[in-house]
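Colleague: got a sequence here, can you model it:
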Amino acid sequence: MRKIKMHIEAVSSLNVQALALILLAIHTESSYESSLKLPIKVGSGDAVMLCSQLGKQNMRPTTHTLLANIIDELGVEVESVCISKVEGSLFFADINLMNAEGKQYQIDARPSDALSLAATTHCPIYCTEEVLLQAGMPDFRDIKDSVECDEALSDLVDGESVRLKNIMNFRSKRCLKSLNVRWISSIN
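Modeller: Okay, the predicted model is just below:
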């Protein structure tokens with residue numbers, strides 16, 4: 001299973017049903033050639049927590065800072081997090097740990113928790129190639145018009161199942177604007 005190095009590009013609020021998106025992009029250090037982005041739908045509270053981990057220091061430890069401190073005190077290191085599986089619109093993540101003796105542990109986690117822990121510990125973020133190909137979306141900012149957008153979307157159709165229904169149904173750039181997406185944080 002090939003893992004692709006990613007980074008958090010943006011966190012957005014959808015202004016609908018208290019939902020948000022975390023947008024992962026392929027890291028510049030990755031040798032993987034693709035412009036696909038990986039949008040992961042999360043609760044708005046999870047998005048706010050992630051933004052606080054990406055921003056300045058908090059006066060008191062957040063849950064993810066507490067978890068990172070406990071892991072560190074136990075002599076274990078967070079090696080990486082990985083978005084490892086997607087079923088419908090539900091994503092799964094793993095937190096990969098290693099102790100001082102070299103024993104490795106893989107802990108199942110929600111992607112929002114794994115990404116917040118990665119932001120706290122500054123560990124690498126990965127997703128499997130399978131997840132990126134199954135749930136990745138084109139970078140709509142690079143699409144010039146609705147015809148090109150429809151062509152990009154048609155490339156994502158596999159047989160009878162249209163993967164786009166897992167997150168949103170994008171039909172054109174106008175549709176993106178109508179979603180009323182507000183960016184909370186954009187990370188370079």
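Colleague: so for stretch 72-89, what gets flagged as buried?
Modeller: Buried residues in stretch 72-89, counted by 16 or more other Cβ atoms under 10 Å: Val78, Glu79, Ser80, Val81, Cys82, Ile83, Ser84, Lys85, Val86. For every residue, glycine as well, the C-beta is placed using N, CA and C.
Colleague: do I have it right that the first one meets Asn99?
Modeller: The one in question is Val78. No: counting by Cβ atoms under 8 Å, Val78 does not reach Asn99; the two are 11.4 Å apart.
Colleague: re the thing from before, any chance of the buried residues of stretch 72-89 in a markdown table, with distance to Lys5 too?
Modeller: Listed next are the buried residues of stretch 72-89 as a markdown table, based on distance: Cβ to Cβ, whole Å:
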| residue | distance to Lys5 |
| --- | --- |
| Val78 | 15 |
| Glu79 | 13 |
| Ser80 | 9 |
| Val81 | 11 |
| Cys82 | 10 |
| Ile83 | 12 |
| Ser84 | 14 |
| Lys85 | 18 |
| Val86 | 18 |
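Colleague: what is the neighbour count of Gly45?
Modeller: Counted by other Cβ atoms under 10 Å, the residues lying close to Gly45 total 11.
Colleague: so where's the protein shaky on pLDDT?
Modeller: 15-16, 56-59, 140-188 (pLDDT under 70).
Colleague: what about the helices in it?
Modeller: Using DSSP state H, the helices of the chain run over 44-54, 63-73, 111-121, 129-135, 146-154, 173-178.
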